[in-house]
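Q: Build me a model from this:
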Amino acid sequence: MLNILILEDSTADAALLECNLRRRWPDARLTCADSREALCRALDQGPWDVVIADYTLADFTGLEALSLVRDRDADLPFVIVSGTIGEEAAVEAMRAGAQDYVMKDHLARLVPALERELREADMRRGHRRAAEALAQSQERQRAAFDQAPVGIAEAEVDGRIVRVNPRFAQMLGYPPEALVGRTFQELTHPADLPANLGYLRRALAGELRDYTLEKRYVRSDGRIVWGNLRAVLLRGEGDDPDRLLGMVEDITDRKRAEERLRVHGGRLRALASRLVLTENAERRRIATGLHDSVVQTLLFAKLRLQAVRRGALAADVAENLAEALTSIEQALRDTRDLIFHLCPPMLHSGGLGATLAWLADRTRKDHGLAVQVSRETDDPPLTDGVRVTLYRGVRELLANVTRHARATEATVRLGREAGAVRVEVADNGVGFDPAPLETLTGASGGFGLFDLRERLQDLGGRLEVRSAPGRGTHVVLWAPLAPGTAPQGRPK
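A: This next block holds a predicted model:
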């Protein structure tokens with residue numbers, strides 16, 4: 001239903017207008033206002049599809065009425081119907097925003113004028129809605145571009161950057177405006193540029209609609225950042241590409257993790273090979289020890305006992321038995337030494353503290369290294385696996401000290417803190433750089449510490465290494481206490 005507001009202070013003229021309008025729109029809602037106040041009330045009771053107003057009214061003019069209408073609705077059609085408006089006044093009204101004017105003595109023009117203005121008003125409203133929708137869409141696109149969690153860059157097809165979002169600029173360490181005008185070729189790592197240009201040439205030739213590749217960028221500070229690039233060619237009105245849109249996800253952390261994993265795997269494989277060689281060498285050492293000491297000693301005892309059995313003289317019997325007994329005692333000592341070297345029995349019967357004291361004493365005797373052992377706590381409750389790992393770890397650390405550190409003294413401390421046992425091994429030797437062990441990037445060496453760290457981590461513990469050239473070495477082994485052990489002390 002059409003809603004028409006008529007501003008007219010002449011009852012006769014208002015009736016004439018209504019008669020003309022009813023012939024065209026018999027079901028229209030027609031409302032008349034004859035003053036400023038009545039017009040304002042009627043405008044509040046809208047909506048209206050068109051306003052018809054006399055130019056000259058008793059208390060105000062048609063131009064004032066037009067201003068009141070435009071304040072409410074910029075697109076509402078406003079048509080002046082007057083019997084006295086002159087040409088200059090009509091032009092002024094049209095400039096002020098009136099759509100048309102009709103003389104009262106030519107009312108036959110009124111309906112066609114209204115039909116035309118209603119159509120144009122619909123078009124204006126449609127254009128306005130489209131413009132608002134476009135503005136909203138562009139605003140959403142700008143927001144999505146600026147707030148995207150991945151880097152976005154738009155460039156000419158020659159690689160010259162037109163705009164970037166904050167995330168892309170942050171990735172490369174530049175303010176956004178500093179990247180505009182530069183080329184992606186300048187920002188790409190030289191080693192990755194040929195592959196990038198190859199993909200772009202294929203896309204420009206129509207072989208690819210888009211492409212994805214992992215590449216490196218050079219930041220403003222010279223550091224390298226890895227990105228997963230997905231590039232899309234944007235086409236304009238023709239078939240030729242117009243712009244290049246690149247979306248870049250920062251995968252630097254992932255690539256570093258992959259590299260660490262690759263190096264870690266290489267170290268594990270090398271360690272496995274070394275362990276096989278070490279195991280074979282240990283077997284040979286034990287076999288040689290058994291052959292050269294225990295077997296030879298027992299063989300000598302056997303010969304003496306065979307001489308006794310052949311009925312040697314009484315004096316010879318006593319001598320042979322004495323030598324056989326001496327040989328058997330030596331074989332027992334050699335066998336005990338081998339057993340202690342592999343795994344001291346006191347480790348399970350006497351505890352970790354007593355075994356570390358024995359190991360320190362053995363190191364002093366065998367290598368002349370002064371090793372002091374201190375215990376801050378009673379022997380902690382440990383599982384067999386933890387106890388053996390800690391003993392072997394300290395044994396290997398002291399062996400490293402005697403082989404490489406050129407130290408004059410070392411200390412071993414056994415302590416206990418909240419749910420964990422702590423064993424510290426320190427020396428006053430030449431020290432070393434522990435960075436390759438920490439980053440797993442060393443080309444060689446450090447297998448003993450690497451292996452010890454892996455074993456402790458497998459048990460739920462950890463290894464700390466503090467050292468520097470010329471400043472000695474301090475290694476801390478942490479391992480969990482046996483389940484069900486009450487906490488003691490405070491963790492560091």
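
Q: which residues touch residue 81?
A: Residue 81 is in contact with 8, 17, 52-55, 101-104, 107, 110, counting by C-beta atoms under 8 Å, 6 or more residues apart in numbering. C-beta coordinates here come from the backbone N, C-alpha and C atoms, glycine included.

Q: what sits opposite it in the beta ladder?
A: Residue 81 has these beta-bridge partners by DSSP bridges: residue 102.

Q: Per-residue pLDDT of it, please?
A: pLDDT recorded at residue 81 is 87.

Q: now the helices for the stretch 1-150 of the chain?
A: Using DSSP state H, counting those that start in this stretch, the helices of the stretch 1-150 of the chain run over 11-24, 36-44, 62-72, 87-96, 110-147.

Q: can you tell which of those is closest to residue 205?
A: helix 110-147 (28.2 Å; C-beta to C-beta).

Q: Of the helices of the stretch 1-150 of the chain, flag the one that's most buried.
A: helix 62-72 (a mean of 17; mean count of other C-beta atoms under 10 Å).

Q: same for that helix, what does it pack against?
A: Packing partners of helix 62-72 (3 or more C-beta pairs under 8 Å, 6 or more residues apart in numbering; DSSP states H and E): helix 36-44, strand 50-53, strand 78-82, helix 87-96.

Q: how does it look with 6 Å?
A: With contacts defined as 3 or more C-beta pairs under 6 Å, 6 or more residues apart in numbering; DSSP states H and E, helix 62-72 has these neighbours: strand 50-53, strand 78-82.

Q: Using the three-state scheme, assign the closest residue to residue 461 other than its chain neighbours.
A: Of all residues not flanking residue 461 in the chain, residue 479 sits nearest, at 3.8 Å (C-beta to C-beta, 6 or more residues apart in numbering). Following DSSP: H, G, I helix; E, B strand; the rest coil, residue 479 is assigned to strand.

Q: Could I get the contacting residues of residue 479?
A: Neighbouring residues of residue 479 by C-beta atoms under 6 Å, 6 or more residues apart in numbering: 386, 390, 421, 459, 461.

Q: ok, 8 Å please
A: Neighbouring residues of residue 479 by C-beta under 8 Å, 6+ apart: 382, 386, 389-390, 420-421, 423, 456, 459-461.

Q: contacting residues around the residue nearest the centre of the chain?
A: Most central in the chain under C-alpha atoms, centre = their mean is residue 253, positioned 6.4 Å from the mean C-alpha point. Not one residue lies near residue 253 by C-beta under 8 Å, 6+ apart.

Q: Output the lowest mean pLDDT helix or strand found in the protein.
A: Within the chain, no helix or strand scores below helix 435-439, which has a mean of 63 by mean pLDDT, DSSP states H and E.

Q: So which bits of the following helix or strand past that one are buried?
A: Using DSSP states H and E, the helix or strand that directly follows helix 435-439 along the chain is helix 447-458. Across helix 447-458, burial judged by 16 or more other C-beta atoms under 10 Å covers 447-453, 455-456.

Q: May I have the beta-bridge partners of the residue nearest to residue 461?
A: Under the criterion used (DSSP bridges), residue 479 bridges to residue 421.

Q: same check, this time on residue 224
A: Beta-bridge pairing of residue 224 under DSSP bridges involves residue 218.

Q: Name only those of the contacts of residue 479 that count as buried.
A: Buried members of the contacts of residue 479, counted by 16+ other C-beta under 10 Å: 382, 386, 389-390, 420-421, 423, 456, 459, 461.

Q: wouldn't residue 30 be in contact with residue 15 here?
A: No: the criterion here is C-beta atoms under 8 Å, and residue 30 misses it with residue 15 at 10.6 Å.

Q: Keeping just the C-alphas, turn the helix or strand hosting residue 395 into CSV.
A: Using DSSP H and E, residue 395 maps to helix 384-400. The C-alpha trace of helix 384-400 is given here as CSV (Å, rounded to 0.1, in the frame of the first residue of the first chain):
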residue,chain,number,x,y,z
ASP,A,384,66.7,-50.8,40.7
GLY,A,385,66.6,-49.1,37.3
VAL,A,386,67.2,-45.6,38.8
ARG,A,387,70.0,-46.9,41.1
VAL,A,388,71.9,-48.6,38.3
THR,A,389,71.5,-45.6,35.9
LEU,A,390,72.8,-43.2,38.5
TYR,A,391,75.8,-45.4,39.4
ARG,A,392,76.8,-45.9,35.8
GLY,A,393,76.3,-42.2,35.1
VAL,A,394,78.7,-41.2,37.9
ARG,A,395,81.1,-43.9,36.8
GLU,A,396,81.2,-42.6,33.3
LEU,A,397,81.5,-39.0,34.4
LEU,A,398,84.5,-39.8,36.6
ALA,A,399,86.0,-41.8,33.7
ASN,A,400,85.6,-38.7,31.5
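
Q: still on that earlier bit, okay if I get the contacts of residue 479 as TSV plus pLDDT and distance to residue 363?
A: As requested, the contacts of residue 479 are exported to TSV (pLDDT from 0 to 100; distance: C-beta to C-beta, whole Å):
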residue	pLDDT	distance to residue 363
382	90	22
386	90	22
389	90	19
390	92	16
420	92	25
421	94	21
423	95	15
456	90	22
459	88	25
460	90	28
461	92	23
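
Q: biggest separation within those, which pair?
A: Farthest-apart pair in those is 423 and 460; separation 15.1 Å (C-beta to C-beta).

Q: could you redo the helices and strands packed on helix 62-72 as JSON lines and give each row distance to residue 294?
A: Shown next, in JSON lines, are the helices and strands packed on helix 62-72 (distance: least, C-beta to C-beta, whole Å):
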{"stretch": "strand 50-53", "distance to residue 294": "120"}
{"stretch": "strand 78-82", "distance to residue 294": "120"}
